[in-house]
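1. no FASTA, just this:
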């Protein structure tokens, strides 16, 4: 972490950047939050550790409106989102100095809590400079040792890779965390009967409290005015009328980000109710891969996505299956 | 909106038989905004239209809903009627209570319930309608014909004779198409070339016709009256201005291994070739996949012997861009591939041939100089079996579900010609049905049976087995005698199904013209607009629309031509006002709409916007309404619902859905 801070101080000193978009310490030891740092001095609050899962790409929509150059810290998976935002003209590449930072898998405090660990006061071993093998969870009831891997976010088990898709310079090493099948969850749902599927989604989506955290964090949900907030559709009230419409909110959202979702997993990370929202998006990604060939949104900033591109070789809708 | 009138049509008994129209009227009266509702036997009749006009005037209606047939039938009629009565024609909505309602329901209660719901949806939509005004666009007085077979030639001649410029784009080196490959034509038995070549010459000599042979359509943009087309003129490697057509190059060419396309692959042709003797233009092309000079740099014999100095190995493809007011598709057909029909031993024996191959064998310019010979050993066959419907009328995925229409007649022709010239040859025809509707067709078939003694057997063939002695055993069934048959033959001729030329898919996509599951182009209306594509300005000629024989093709070619002439005679066209319109205050500038627009109608501008007092420059979408065709692709692609189709706005559609779900 010190390596990043020193480099950022250098960039400030050289006048290459006007501010930094990074993470600062949160009110708890495991919830650092996205923040702008306007000077080298402000960096005293800067943090980059295993809990810095937040994808900063979307914050750069705001960053693009600021004067001068902003340094933005992006993990490998975050760069897909940033590229997608460049493609959609939502961020200004010229105003970004992208520092690609290494990642050894990001942690999920909910996973630790799910192990039955209560009264957490501090968590040691989440430092990016460490070996990231073990966490010491300090609690009111004594220390608990937890394998780093077991406390990782779901998305890190199906990591897209250690490479940054867009950057100006790279700092710190990454580690391989891939040990799961990205589409296993989708396949399990596909194997269900229609009744089971309905029951599954009804059960999961009934937990939703419409806090909009998923939408607000999603880099693909970057509309100036979301259809659910717009008076042009009569849809904003609709999503609040009854539980069925509440479920529709998530399905409509999945359709809106289809082909643009980079599977960054932020929706599931921030959901206070623990709804596995990424499954919707991954179903679309799986279908797109099957129908149009493997595609990852945000791999580059130029190529047209398969859903917004037409080629003569595209499969006819009637020929599917 | 207050002041909506609802007019429910009985359509004779078409609607009234399964929909209680009085009930629809009664229910419509309860809908918000409705001040008038009535029913009538035929709303589209003059009396019906007068009722609408009278109600508009007397009750000062602002918008109307007509509950009748599909808008494709009478939307234009009712819009005109409304306009005459003094309201904007786009204040008219049609509730289609016929095609997907009264026609498909048998139960009056069900039919009525659905009609009421559809009416309710239309009322909900018209509530949000706004007046729209069409723009105008100019008509380019030039037509493009894609395909230079008999369909394309006839269409071009008829358009040119009416005084308009026409270009024919033909992908092979010569015009003429499939008809040029035929020997004789049914039912008159006149020589195909003798009646076709004068038309080819006329087309080439016509001052209004330009031929682009050995050329393909590269790109199409624009819309009715104003298409822009890029034509790829493939490199011929022969200078068309210098070549005298003497043919020395073809004699001298040492590379003669390529299969002759014109002779259906039965013999070979040189690398530099004209497809056939009467080819137009009579200028050869060099096949780059065969030419030794182009492949290895060595040879150059044709260049050395060419007195005119016409050979040019450095020629490149050339793109010609041209504007057209109308486009005619005349891409014709191909015989299907027989891979799925190996039970007939087509791939195993040279003596199992297609009817098109037989045409070439029987033609004096063909591989056997017109002598009936087996392709395996050159022997004169004594027994010939014809198998009908190979790949036609199939109810599985192996072949085509449709009847290829021409096979019964050409097989009768082949059988008759063989029996006439070689009375010693026995001819047997296995058929499912013999279909001979057409002037002098049945008489022709009966002559084959009665005068020429052709043996017609009703029944299908299971398989053909090549025997060690070189003969073929045909295992068939005689359904009338109810027995299995084994017929020994020296030659088997397969009446293979015809299918639209595979190139048509790509062309249809470029034209945004629709095709059906069999790749035939769809008509705007199967009965009343059979030569027009649903895409304005695109017309259909020949087999690309459905199987046809020569006289039908020529008739349709003429019909397509007159439609083109009718269009080109106009100086201006009214444009559809139902175009996309972005709300720039909410636009993200993300480019998704521009990416999906098939017409290139959307661009982006950096515009100064005032968003609730915040003034800033934003990248926003801008629609060129002259190019927009109102397809709506952008409206569904836009993630924030900023793009709206005028006349079909997102709100209108949601209002319809709400009304249906109420």
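-> Okay, I see it. Just so it is clear, the model here is predicted, and its values are computed rather than measured. Numbers count the residues shown, from 1 in each chain, chains lettered A, B, ... in the order given.
2. what's the neighbour count on residue 32?
-> Just going to use chain A. Burial of residue A:32 is recorded as 23 neighbouring residues (other C-beta atoms under 10 Å in any protein chain shown). (Each C-beta comes from the backbone N, C-alpha and C, glycine too.)
3. hm, I was asking about chain B
-> Residue B:32, neighbours per other C-beta under 10 Å, totals 10.
4. would you confirm that it contacts residue B:127?
-> Yes. At 7.3 Å, residue B:32 and residue B:127 qualify as touching, with contact defined as C-beta atoms under 8 Å.
5. just give me the neighbour total for whichever residue of the stretch 51-200 of chain A sits closest to chain B.
-> For the stretch 51-200 of chain A, the nearest residue to chain B under the criterion C-beta to the nearest C-beta is residue A:88, separated by 3.8 Å. Residue A:88 has 20 neighbours, counted by other C-beta under 10 Å.
6. on the three-state scheme, the closest residue to it other than its chain neighbours is what?
-> Leaving aside its chain neighbours, residue A:88 sits nearest to residue B:590 (3.8 Å; criterion: C-beta to C-beta, 6 or more residues apart in numbering or on different chains). Secondary structure for residue B:590, judged by DSSP: H, G, I helix; E, B strand; the rest coil, is coil.
7. so what's residue 82 closest to, chain neighbours aside?
-> Picking chain A for this. residue A:57 (4.3 Å).
8. my question was about chain B
-> Across the structure, with C-beta to C-beta, 6+ apart as the measure, the residue nearest residue B:82 apart from its sequence neighbours is residue B:92 (4.9 Å).
9. assumed residue A:77 was part of a helix.
-> Yes. Looking at residue A:77 with three-state DSSP, it is inside a helix.
10. residue of the stretch 101-250 of chain A nearest chain B, please.
-> Among residues of the stretch 101-250 of chain A, the one nearest chain B by C-beta to the nearest C-beta turns out to be residue A:223. It sits 3.7 Å away.
11. contacting residues for that residue?
-> The neighbours of residue A:223, taking C-beta atoms under 8 Å, 6 or more residues apart in numbering or on different chains as the test, are B:586, B:588, B:639-640.
12. contact partners of the host helix or strand of residue A:187?
-> Counting by DSSP states H and E, the element that carries residue A:187 is helix A:184-190. Helix A:184-190 is touched from outside by A:197, A:200, A:276, A:279, A:282-283, A:286, with contacts defined as C-beta under 8 Å, 6+ apart.
13. next, the distance between the ends of stretch B:484-493.
-> Its first and final residues considered, stretch B:484-493 spans 20 Å by C-alpha to C-alpha, to the nearest Å.
14. now do stretch B:58-65
-> When the termini of stretch B:58-65 are compared using C-alpha to C-alpha, they are 16 Å apart.
15. in the stretch 151-300 of chain A, which spans are helices?
-> Residue ranges of the helices in the stretch 151-300 of chain A, as given by DSSP state H, counting those that start in this stretch, are A:154-157, A:184-190, A:194-205, A:213-217, A:235-241, A:243-257, A:266-270, A:278-292.
16. by mean pLDDT, show me the worst of these.
-> Taking each of the helices of the stretch 151-300 of chain A in turn, the lowest mean pLDDT turns up on helix A:235-241, with a mean of 56.
17. point me to the residue of the stretch 151-300 of chain B nearest chain A.
-> Taking C-beta to the nearest C-beta as the measure, the point where the stretch 151-300 of chain B comes nearest chain A is residue B:219, at 12.2 Å.
18. what does chain B put close to chain A?
-> B:505-506, B:509, B:517, B:583, B:586-592, B:595-596, B:598, B:604, B:619, B:637, B:639-641, B:650-651, B:654-655, B:658 (C-beta under 8 Å from any C-beta of the partner chain).
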